[in-house]
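>>> coords please:
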Amino acid sequence: MFLTPLLALLLLPPPPGSLNQPERLEWFRDLGLGLFIHWSVDSQTGVVISHSLAGADDAYTSRFFNDLPKTFNPRKFHPQDWAALARLAGFRYVVFTAKHHSGFAMWDTTTTDFGIRNTPFRRDITREVLEAFRAQGIRPGLYFSPDDFWWLWKNHIDIQRNIPAVQPRNNPGLMKLALAQLRELMTAYGPIDILFLDGEPFQLRELAWQLQPGVVVTRGAIETPELFVPGVALDQPWEACFTMGTAWQYQPQNEHYKSGGEIIHLLIETRAKGGNLLLNVGPKPDGELPIEQEERLRELALWMQVNQEAIYSVRPWVITNERNVWFTKAKNEDTVYAIVKQEPRWVRGQWRELELASVQATPRTQVSVLGQNGRVLEYRPEVDPAPSFVQEPGRLRIRAMFTHRLQDNSRWPNPIVLKITHARPSFQPPRVETSGARFDRASGAATLEGNLLDLGGAATVEAGFQFRSIAGLDASDRSIPWQDGPSTTLKAPGAFSLPVSGLDPAGIYEYRAWVRHPLLTIYGADRRLP
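Residues are numbered from 1 along each chain as shown. This is a model prediction of the structure:
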């Protein structure tokens, strides 16, 4: 069996300057699914967490810092319920917001007056959350923001982010505070497996590794795309963080939730591309999870109860997907999972034939449907529902039946997973690089450059570029969709370039190259323009 660089199961060196241990990064990749919890004092008003302070007037700011702590009293806070549901839904780790940008400390700290100890509740929420999740076998992690709007307010500095004037490295008092707070969190709460530093990690990640050498620093040391999944599989550990709706913190109005199926597909696509999914919940101010979030977690729980084998300890296949069929591959094994989206719906009790061009069977191959024994279709004893397959030139043809009765109406809408053992890749996919670019700001015109490395066995391929504005976004937020740019037909590997016009001369953009093969579209890395 040949392995492309995408599939090489080597312990890759960590990013420059990172002290994440390679074996711990491999362990982290195996987890697959983490629960993010955004919760702070301003959940009481259903406002965006922390960011409403940026540019706020004195009256609003004063009410935020002085009044909100006086009414924060989550009497229905039972983290054991959160943790039990998280375990049921298949989460392997948790990342809890110990401190967001506002500076409000959700633990019993001596470093600031702006925290949980100065509320009617007073209990150490962070400790209780970590203990509850540990009791369920879920590995503990913390989110920590080096930014601190309360400190800026106390020191008469305009509240904002991502400019040098407010960074801890340029404010010794703020740097001292952040280091002291992180030291508390890394010494008083037992082993912390994962640390998410949402801001400049200067000195902080080094302190974390010094205090707990085995901690995996995610944001601040590896790629952590926010609200988007990269267009191409990555051959290194990475983690995508997503909201269930549009907000990180509880938002009682103007909220639009993703469906359970959309969340399941985010998990599938993320794992197919080699990443972990960090899925967020935002508890209500009383401590309960909103029913909309609980419903989606329970839908995820059912899917994971059936199909978790295709999610844990897997790596990317030679390609991520063939149209509506997505792939993962068991780590260190030649088992492939073909995750079939129900488009069109796979009717229970009916046969479906699938053709896979990237998977080649061997004499030892077996095919099964996860969750099914292949022997019983309820109330139809005359039916033999065992899957079968035929390897033909250039394609593996599979015939399978969905028999599992997962809901009363037999109309379970979420993906079905085929397990294919002892399989081999049948072709080498095309490869493309995103190269340089030239941007004439005066005219708003750019020339984007790419390099086609391999046609993937096709006689010709279409190649081109996408671009998007990133002006006004946080460093890791890519919530603005890609725009299609120009494309061309290529007959051989080599460099290519195409023009784009109509850009904002003062704008900030990202771009990426792509190549379209008959089976799928492959993307190059995202690059910034200029």
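>>> check which helix or strand the residue of the chain positioned farthest from its centre maps to.
Distance from the C-alpha centroid of the chain, by C-alpha atoms, centre = their mean, peaks at residue 382 (44.3 Å). In the assignment (DSSP states H and E), residue 382 maps to no helix and no strand.
>>> OK, contacts around it?
With contacts defined as C-beta atoms under 8 Å, 6 or more residues apart in numbering, residue 382 has no neighbours. In this view, the C-beta of every residue, glycine as well, is placed from N, C-alpha and C.
>>> what packs against the helix or strand that contains residue 83?
Residue 83 belongs to helix 79-88 when assigned by DSSP H and E. For helix 79-88, the elements it packs on are helix 125-135, helix 291-307, judged by 3 or more C-beta pairs under 8 Å, 6 or more residues apart in numbering; DSSP states H and E.
>>> what does the helix or strand that comes right after the longest one contact?
This points to helix 291-307. Using DSSP H and E, the helix or strand that follows helix 291-307 in sequence is strand 314-315. With contacts defined as C-beta under 8 Å, 6+ apart, strand 314-315 is touched by 7, 9, 29, 32, 271, 274, 328, 329, 330, 331, 337.
>>> any low-confidence regions in the chain?
Applying pLDDT under 70 to the chain flags the ranges 1-15.
>>> and the helices in it?
Ranges of helices in the chain, per DSSP state H, are 22-31, 58-71, 79-88, 125-135, 149-154, 172-187, 204-211, 260-272, 291-307.
>>> which one of those helices lies closest to residue 469?
helix 260-272 (22.9 Å; C-beta to C-beta).
>>> just the CA atoms of that closest one, as CSV, please.
Provided in CSV are the C-alpha atoms of helix 260-272 (Å, rounded to 0.1, in the frame of the first residue of the first chain):
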residue,chain,number,x,y,z
GLY,A,260,-28.0,18.6,13.9
GLY,A,261,-27.2,17.3,10.5
GLU,A,262,-25.1,20.3,9.6
ILE,A,263,-23.1,19.9,12.9
ILE,A,264,-22.6,16.2,12.1
HIS,A,265,-21.3,17.1,8.6
LEU,A,266,-18.9,19.7,10.1
LEU,A,267,-17.5,16.9,12.2
ILE,A,268,-17.2,14.6,9.2
GLU,A,269,-15.5,17.1,7.0
THR,A,270,-13.1,18.2,9.8
ARG,A,271,-12.0,14.6,10.5
ALA,A,272,-11.7,13.9,6.7
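>>> what sits up against that helix?
Applying C-beta under 8 Å, 6+ apart, the contact partners of helix 260-272 are 32-33, 229, 233, 240, 242, 244, 258, 276-277, 279, 295-296, 299-300, 303, 310-311, 314, 316-317, 320-321, 326-328, 339, 341, 413-415.
>>> and these, which of them are in strands?
Counted as lying in strands by DSSP state E, out of these, are 33, 240, 242, 276, 277, 279, 314, 321, 326, 327, 328, 339.
>>> what's the burial count for the last one?
Pointing back at residue 339 there. 26 (other C-beta atoms under 10 Å).
>>> so how far is residue 309 from it?
From residue 339 over to residue 309 the distance is 11 Å, taken as C-beta to C-beta, to the nearest Å.
>>> so what sits against both of these two?
Common contacts of residue 339 and residue 309 (C-beta under 8 Å, 6+ apart): residue 417.
>>> nearest spatial neighbour of residue 406, skipping sequence neighbours?
Excluding its sequence neighbours, the residue lying closest to residue 406 (C-beta to C-beta, 6 or more residues apart in numbering) is residue 412, at 4.2 Å.
>>> what's near enough to touch the closest residue to residue 508 other than its chain neighbours?
Leaving aside its chain neighbours, residue 508 sits nearest to residue 471 (4.6 Å; criterion: C-beta to C-beta, 6+ apart). Residue 471 sits next to 504, 507, 508 when contact means C-beta under 8 Å, 6+ apart.
>>> the first one contacts residue 469, correct?
Yes - using C-beta atoms under 8 Å, residue 504 and residue 469 qualify as a contacting pair, with a distance of 7.4 Å.
>>> these two: which is more packed in?
residue 469 (15 against 11).
>>> which residues sit in contact with that one?
Counting by C-beta under 8 Å, 6+ apart, residue 469 has contacts 480, 504, 507, 508, 509.
>>> closest one to residue 155 out of those, please.
Checking the contacts of residue 469 against residue 155 with C-beta to C-beta, the nearest one is residue 508 at 29.6 Å.
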